[in-house]
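Engineer: next input, structure requested:
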Amino acid sequence: MSRINHRQIEAFRAVMLTGSMTGAADMMHITQPAVSRLIRDLEALAGFTLFERNGPRIQATLEAMELSGEVDRQFSGLQRIERTLEDIRTMQSGAIRIAAMNAPAMAFLPRLIASFMKRHPSTNVWMHTENSRTILEQVSLQHYEFGFGAFRSGYPGVVVEELPDLEAVLALPADHPMAAQETIRLEQLTSQRFVELGRHGLLRHQVDHALAKCNARPVMVMETSLSASICAMVAQSGVMGIIDPFTAYEVKDPRIAIRKLSPSIRYDIAFAHSSARPLGRIARELIDDIRAAVHHLTTDHPLASAQL
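Structural biologist: Numbers count the residues shown, from 1 in each chain. Sure, this is the predicted structure:
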């Protein structure tokens, strides 16, 4: 048994749009008899009349009107597919929305994204700054193509791609006696005036756990949500604090020293994207760029020795 083919449906849609066999023929760039034959074949397969003929004029039947709605929806879908394929081929999908937590968003990401957009001038990158939990929530709802933050696997509807282990570091005054050491033991922080990160962040939990495990008891004088604020306090008030490696790499103030910690404190950073939608080529290329930049920061330019 013969089956309805795409050309027959295309002829039907053209007749509905133009209101005549001749108009459909012009639209399809074929002859009018060819259109008429396609319509007759479609009617034969459907088992009912689609158009009433009255000389040169035709009138769509109720069955044709009902079929037309579904045909239009299918053609719209095909057009979207064609546009998507073209976007993939040309790497010009228009815009990509991402979210990042404060540390990388205030450090290397702006430079990296600027470089990425130079390579893809027709692509806009919209970067929003959020906390890690909000990033996971919004990524699961597909509001962002991907997120970059401090989180681990296990959030519903989200795929997490962890980066290799990074380490938090200590920011302290460059003229402090401990700055002469390459590595600072956690227990040495006891009684030192200390600025902590906000209690809701993953790094704060890891720092608290590490300090408690070593029975280290610094004197907490301030709490802030930003590692950059800790650095400002170190420079101006002589305090110290444990910060993320991205912020540490950006430190240029000679009043601040950056040192390794022992035992080390893991700094979790990962990409997150929706499990319901695969990443497009543009998003994947941007992730690969970020991954390469992180590798560069942590291998070619070791943060802990940057200011030794």
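Engineer: now do the helices in the protein.
Structural biologist: Assigned by DSSP state H, the helices in the chain fall at 6-18, 21-28, 32-46, 62-90, 102-106, 109-119, 132-140, 202-213, 227-237, 245-250, 281-295.
Engineer: need those helices in a markdown table (columns: mean neighbour count and distance to residue 167).
Structural biologist: The C-beta positions use only the backbone N, C-alpha and C, and glycine is treated the same way. As requested, the helices of the chain are arranged in a markdown table below (neighbours: other C-beta atoms under 10 Å; distance: least, C-beta to C-beta, whole Å):
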| stretch | mean neighbour count | distance to residue 167 |
| --- | --- | --- |
| helix 6-18 | 18 | 58 |
| helix 21-28 | 18 | 65 |
| helix 32-46 | 16 | 68 |
| helix 62-90 | 12 | 38 |
| helix 102-106 | 22 | 14 |
| helix 109-119 | 14 | 20 |
| helix 132-140 | 21 | 18 |
| helix 202-213 | 16 | 10 |
| helix 227-237 | 20 | 14 |
| helix 245-250 | 23 | 6 |
| helix 281-295 | 17 | 12 |
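Engineer: and this structure, what are its domains?
Structural biologist: Split into domains by automatic domain parsing, the chain comes to 6-90, 95-163+269-305, 166-266.
Engineer: could those domains be laid out in TSV, adding mean pLDDT?
Structural biologist: Listed next are the domains of the chain as TSV, based on pLDDT from 0 to 100:
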stretch	mean pLDDT
domain 6-90	84
domain 95-163+269-305	86
domain 166-266	92
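Engineer: chain center to stretch 136-146, what's the gap?
Structural biologist: How far stretch 136-146 lies from its chain's middle: 8 Å, per C-alpha atoms, centre = their mean, to the nearest Å.
Engineer: backbone phi and psi for the nearest residue to residue 140 once chain neighbours are set aside, please?
Structural biologist: Leaving out its chain neighbours, the residue that sits closest to residue 140 by C-beta to C-beta, 6 or more residues apart in numbering is residue 157, at 3.9 Å. Per-residue torsions, residue 157: phi 80, psi 10 (degrees, to the nearest 10).
Engineer: check contacts around the spatially most central residue of the chain.
Structural biologist: Against the mean C-alpha coordinate of the chain, by C-alpha atoms, centre = their mean, the closest residue is residue 146 at 2.1 Å. Contacts for residue 146 (C-beta atoms under 8 Å, 6 or more residues apart in numbering) come out as 98, 99, 139, 271, 272, 273, 279, 283, 286, 287.
Engineer: count of neighbours near residue 59?
Structural biologist: As a burial measure, residue 59 scores 10 neighbours (other C-beta atoms under 10 Å).
Engineer: what's the burial count for the nearest residue to it once chain neighbours are set aside?
Structural biologist: Among residues not flanking residue 59 along the chain, residue 52 sits closest, at 4.4 Å (C-beta to C-beta, 6+ apart). Counted with other C-beta under 10 Å, residues neighbouring residue 52 total 11.
Engineer: ok, residue 4 - how many residues close by?
Structural biologist: Residue 4 sits with 12 neighbouring residues when counted by other C-beta under 10 Å.
Engineer: ok, it touching residue 43?
Structural biologist: No. Residue 4 is beyond contact range of residue 43, at 10.6 Å (criterion: C-beta atoms under 8 Å).
Engineer: tell me the contacts of the nearest residue to residue 207 once chain neighbours are set aside?
Structural biologist: In space, residue 207 comes closest to residue 242 once its chain neighbours are excluded; the distance is 5.1 Å by C-beta to C-beta, 6+ apart. By C-beta under 8 Å, 6+ apart, the contact set of residue 242 is 168, 169, 170, 171, 197, 203, 207, 261, 265.
Engineer: make it 6 Å
Structural biologist: By C-beta atoms under 6 Å, 6 or more residues apart in numbering, residue 242 lies in contact with 168, 170, 207.
Engineer: and the residues you listed, which is closest to residue 109?
Structural biologist: When the contacts of residue 242 are compared for distance to residue 109 (C-beta to C-beta), residue 168 comes out closest, at 18.7 Å.
Engineer: roughly how far does that closest one sit from residue 199?
Structural biologist: To residue 199, residue 168 is 16 Å away according to C-beta to C-beta, to the nearest Å.
Engineer: these two: who's more crowded?
Structural biologist: Each of residue 168 and residue 199 has its neighbours counted (other C-beta under 10 Å); residue 168 has more, 25 against 10.
Engineer: the more buried one touches residue 266, doesn't it?
Structural biologist: No. Look at residue 168 against residue 266 with C-beta atoms under 6 Å: they stay out of range, at 7.6 Å.
Engineer: do you know how far residue 191 is from residue 6?
Structural biologist: In this view, residue 191 and residue 6 are 78 Å apart by C-beta to C-beta.
Engineer: same check on residue 32?
Structural biologist: As judged by C-beta to C-beta, residue 32 and residue 6 stand 20 Å apart.
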